[in-house]
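Engineer: heads up, no residue letters with this:
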């Protein structure tokens, strides 16, 4: 029975010693941090660094313009010839092929065609036309550009600027690389 007690006592002492070594391992010197990429420090405070940032946005601007449209009267010569031809055909039908009716129809058709063509004046019309263009406008907004991180490492408070919010713990390798 004494052997069992001694064995139990030895196991308890050995377990306590190993726990002390593990607890003591957390407080090691800086040399271990340099080579241990897993070393972390407790974050005490994180303050976002905010700056006013300018950026450009394409914006479509549209407006209505009044456009002047000039329309000329018909071509008088072409209308006279066309009217004469139509009048000659009609006169020929009405006069049963007699030449006098054909000539009278051609003259009447030419006069009517000339009158319908107008006197060559121009007619002015206006219409609304929608026009658009893209312009770039400057806009401003406040954005988080970095974080000021206060952390505790080996009993000292230190501050570093990081591009991200580290959360509750920060990797010492990240702080040394960026800080």
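Structural biologist: Everything's here; your move. Nothing here was measured: the structure is a model prediction, and the numbers come from that model.

Engineer: By mean pLDDT, which helix or strand of this protein comes out lowest?
Structural biologist: Ranking every helix and strand in the chain by mean pLDDT, DSSP states H and E puts helix 30-35 at the bottom, with a mean of 45.

Engineer: What residues does the nearest residue to residue 40 once chain neighbours are set aside make contact with?
Structural biologist: Among residues not flanking residue 40 along the chain, residue 169 sits closest, at 4.4 Å (Cβ to Cβ, 6 or more residues apart in numbering). (C-beta placed from N, C-alpha, C; glycine too.) Taking Cβ atoms under 8 Å, 6 or more residues apart in numbering, we find residue 169 in contact with 40-43.

Engineer: all helices for this protein, in order.
Structural biologist: Listed in chain order, the helices found in the chain under DSSP state H are 2-25, 30-35, 76-94, 99-117, 172-178.

Engineer: Which of those has the lowest mean pLDDT?
Structural biologist: The minimum mean pLDDT among those belongs to helix 30-35 (a mean of 45).

Engineer: So what's the residue count around the residue nearest to residue 91 when sequence neighbours are not counted?
Structural biologist: Leaving aside its chain neighbours, residue 91 sits nearest to residue 105 (1.9 Å; criterion: Cβ to Cβ, 6+ apart). Residue 105 sits with 22 neighbouring residues when counted by other Cβ atoms under 10 Å.

Engineer: just how off-centre is stretch 114-134 within its chain?
Structural biologist: Computed by Cα atoms, centre = their mean, to the nearest Å, the chain-centroid distance of stretch 114-134 equals 40 Å.
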